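K.L.:
Just the structure for this:
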Amino acid sequence: MKPDDTDLAEMQQPDAAAIPGMDGDGSHEEPRMSEAEEARAERLDEDDRLKPEFVEAVREALVDEHGDVRDLVEPLHPADIADLFEILPREDRPALARGISDLMSGEVISELNDYVRDDLLESLPPDAIAEIAEQLETDDAVALIEDMGAREQAAVLAEMELEDRAAIESALSFPEESAGRLMQRDLVAVPEHITVGDLIDYMRDNGDLTTEFWEVFVVDPAHRPVGTCQLSWILRCPRAIPISDIMKREQTLLPADMDQEEVALRFQKYALISAAVVDKAGRLIGQVTADDIVHIIQEEANEDTLLLSGAGEGDINEPIRTSYSQRVRWLVANLGTALVASLIIAAFGAAIEKLVALAVLMPVVASIGGNAGTQTMAVSVRALAMNQLTRSNTRRVIWREMRVALLNGVTVAALIGGATAMIFTPMLGVVIASAVVINIITAGMAGVLVPVIFDRLDQDPAVASSVFVTMITDSMGFFAFLGLAVASGLVG
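P.N.:
Okay, here's the model as predicted:
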């Protein structure tokens, strides 16, 4: 018998009582959190940051001989445990490490800030460090060991399994911040003559294969990569299809000595999830994955921002002496460049004495030029870092920034010139407007040329560009304003 529409509606309507989160009358109830979720909610705020009261409870548990700090910390994610170490004062960190020794996994260590991690490792014996390193991926283990002294490195490596030690020693042979240091050794590589079915059976039967990968690398008899196969393709193809028929032959290969910043640009440009790393002979020796690149992109972006300000690494966990030495040298350099601007002012001292308005308006010209130069410099440094500013388009970029500077200069000059004409004299308004236009155009040129020159000299354009750009804009601002004031006859 064919059911009517009412019967169909009743058949298709699910039982409200059987739906999680819904009462029998069809009303919704708040989903219940698990005990682990409740514990995390007690420790973290809505932005997933450790609550101050939780951090204080941990500190109290560390000094209380009856306090159980492990129970407090155990529900946290390894990344949150790492955050806890970084938030606590330096003197409390060893006690916390002892109190949660069984929770100090490789995941926690790999998430730690470099300075905090180094402090903790200093208190651990070589065998304990070796045990932690063996839990990590090769790239994380290398990051753990690479900053140690030669003697400490040798002691830790001597405690490791032969296979792990060989992999780390091989990675340490590559330059710092290179693809060789960044790569993971664990990957899946197969010859191109096998079928999809053979590959599936191989991955199922071989328990030693890595458990985290997104694609399979296809290699020739000399172990040179000839293509890649995504796991989704493998799972959707019939077993009898040869791998050579479904693999993608075009791939991005990363030389082992390639700088990690260039590696990150390749991932961004070609939307990669993973990429093969090859040695000088073109043989496959490892892979770099997107999760590693996320850290690199963040590190490089933060590094360039801090270098532009002359703040060094800018890490709040670095020793005070290190912060002092990194910052003071640029302040001293800035002091030297500021003297250039002071000499220009001194040369026009007599004119300033005759017309006090010049002293009032000078900082305006210099400040506007400095801000314009900083804007252009930031754009240029970013373009150089992203490979958008190259030898082939440098002239076009300079011409573009000159036009932007001219438009900005005319706009700001009209405003400051008009205001100066009303408050002081029309001629002084013309002088300051002209000086502003000249200084902003100069700032636009300096903001591009200074980073480009540093880049051509194989120096990091973010390191010292700000010091020189500031010197140029301040000096030109004072010279243009005071020189035009004298040339116009404002001061006799």
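K.L.:
so Phe85 sits right up against Arg93, yeah?
P.N.:
Yes. Counting by CB atoms under 8 Å, Arg93 is a contact partner of Phe85 at 5.5 Å. (Glycine included, C-beta is placed from N, CA and C.)
K.L.:
quick one: which of those two has more around it?
P.N.:
Taking other CB atoms under 10 Å, Phe85 and Arg93 do not tie; Phe85 has more neighbours (24 against 19).
K.L.:
quick one, phi/psi of the residue nearest to Ala290 when sequence neighbours are not counted?
P.N.:
With sequence-adjacent residues excluded and distances taken as CB to CB, 6 or more residues apart in numbering, Ala290 is closest to Ile273, at 5.1 Å. Per-residue torsions, Ile273: phi -100, psi -40 (degrees, to the nearest 10).
K.L.:
Let me see the contact set for Ile273.
P.N.:
Contact partners of Ile273, counting by CB atoms under 8 Å, 6 or more residues apart in numbering, are Trp214, Glu215, Thr289, Ala290.
K.L.:
cool, Gly418 as well?
P.N.:
If a contact means CB under 8 Å, 6+ apart, then Gly418 has Gly429 as its contacts.
K.L.:
Just give me how far the helix or strand hosting it sits from the chain centre.
P.N.:
Gly418 is part of helix 394-423 when elements are defined by DSSP states H and E. Centre-to-centre, helix 394-423 and its host chain are 34 Å apart (CA atoms, centre = their mean, to the nearest Å).
K.L.:
Share the number of residues neighbouring the closest residue in space to Arg40 that isn't next to it in sequence, please.
P.N.:
Take Arg40 and drop its neighbours on the chain: the residue closest to it by CB to CB, 6+ apart is Pro75, 5.5 Å away. A count of nearby residues for Pro75, using other CB under 10 Å, gives 17.
K.L.:
show me the contacts for Gly429.
P.N.:
Contacts of Gly429 (CB under 8 Å, 6+ apart): Ile416, Gly417, Gly418, Ala419, Thr420, Ala421, Met422.
K.L.:
same thing but at 10 Å, please
P.N.:
For Gly429, the contacting residues are Leu361, Ala413, Ala414, Ile416, Gly417, Gly418, Ala419, Thr420, Ala421, Met422, Ile423, by CB atoms under 10 Å, 6 or more residues apart in numbering.
K.L.:
Could you do Ser380 as well?
P.N.:
388-389, 394, 397-398, 401, 444, 446-452, 455, 461, 465, 469.
K.L.:
ok, back up a step: give the phi and psi angles for the residue nearest to Arg40, as a check.
P.N.:
With angles defined as degrees, to the nearest 10, Pro75 sits at phi -70, psi -10.
K.L.:
how near is it to Ser475?
P.N.:
Pro75 sits at a distance of 59 Å from Ser475 (criterion: CB to CB, to the nearest Å).
K.L.:
among the contacts of Ile273, which two are most distant?
P.N.:
Farthest pair in the contacts of Ile273 (CB to CB) is Glu215 and Ala290. Separation: 11.4 Å.
K.L.:
just to revisit the earlier point, quick one: buried ones out of the contacts of Gly429?
P.N.:
Leu361, Ala413, Ile416, Gly417, Thr420, Ala421 (16 or more other CB atoms under 10 Å).
K.L.:
before we move on, which element is the nearest residue to the first one once chain neighbours are set aside in?
P.N.:
If I follow you right, that is Leu361. Excluding its sequence neighbours, the residue lying closest to Leu361 (CB to CB, 6+ apart) is Ile432, at 5.6 Å. Per DSSP H and E: Ile432 is located in helix 426-456.
K.L.:
Next secondary structure element downstream of that helix?
P.N.:
Using DSSP H and E, the helix or strand that follows helix 426-456 in sequence is helix 461-487.
K.L.:
in that next one, what's buried?
P.N.:
Per 16+ other CB under 10 Å, helix 461-487 contains these buried residues: 461-486.
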